[in-house]
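> have a look at this prediction, sequence included:
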Amino acid sequence: MKRQAINPTNDWGAGFEMNQAEIISEFNKIIKFSGQTSLVSDDSSEMGLSVKFPGDQRKQMEFILDAIDKLLTQAGMTRKNIVHINFFTTEMEGFLESYEVYANWIKEAKIRPTQSAIGINQLVMPEMKLEIEITGAQ
């Protein structure tokens, strides 16, 4: 897979470990993730699920990024294969305060995938603060 970064002259996205655009070529397959959250199995709950680290966006981000690593491994991919990320948060201020968790995680792959951070009213459960969608290519 080849990547070509497209950025404005001032490249302000570099401080956020992101490109404004990327041309992705020479790939054979794409992986699309459903929104990854901090939900875990819980037989005692009505839905059979509960929120890991309720209300703690930083811990939820760490948990979700770990889950993404595991799914990428199952797909025979790594973080280097990520081409786009959507962050959905119910609390943008908390997201920005926790952003370094993501920045350090993606920096290890030495890539700057395109991304969007979207503030929303609520996720599936009120204790959830963050959901992350990934698109990857190989």
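Alright, I've got the coordinates.

> C-alpha only now, for contacts and for neighbours.
Fine.

> which SSE is the residue sitting nearest the centre point of the chain in?
Nearest to the mean C-alpha position of the chain, counting by Cα atoms, centre = their mean, stands Ile132 at 4.2 Å. Ile132 belongs to strand 130-137 when elements are defined using DSSP states H and E.

> figure out how far that strand is from the centre of its chain.
5 Å (Cα atoms, centre = their mean, to the nearest Å).

> packing partners of that strand?
Strand 130-137 sits against strand 30-32, helix 57-74, strand 82-89, with contacts defined as 3 or more Cα pairs under 8 Å, 6 or more residues apart in numbering; DSSP states H and E.

> repeat that with 6 Å
In terms of contacts (3 or more Cα pairs under 6 Å, 6 or more residues apart in numbering; DSSP states H and E), strand 130-137 is packed against strand 30-32, strand 82-89.
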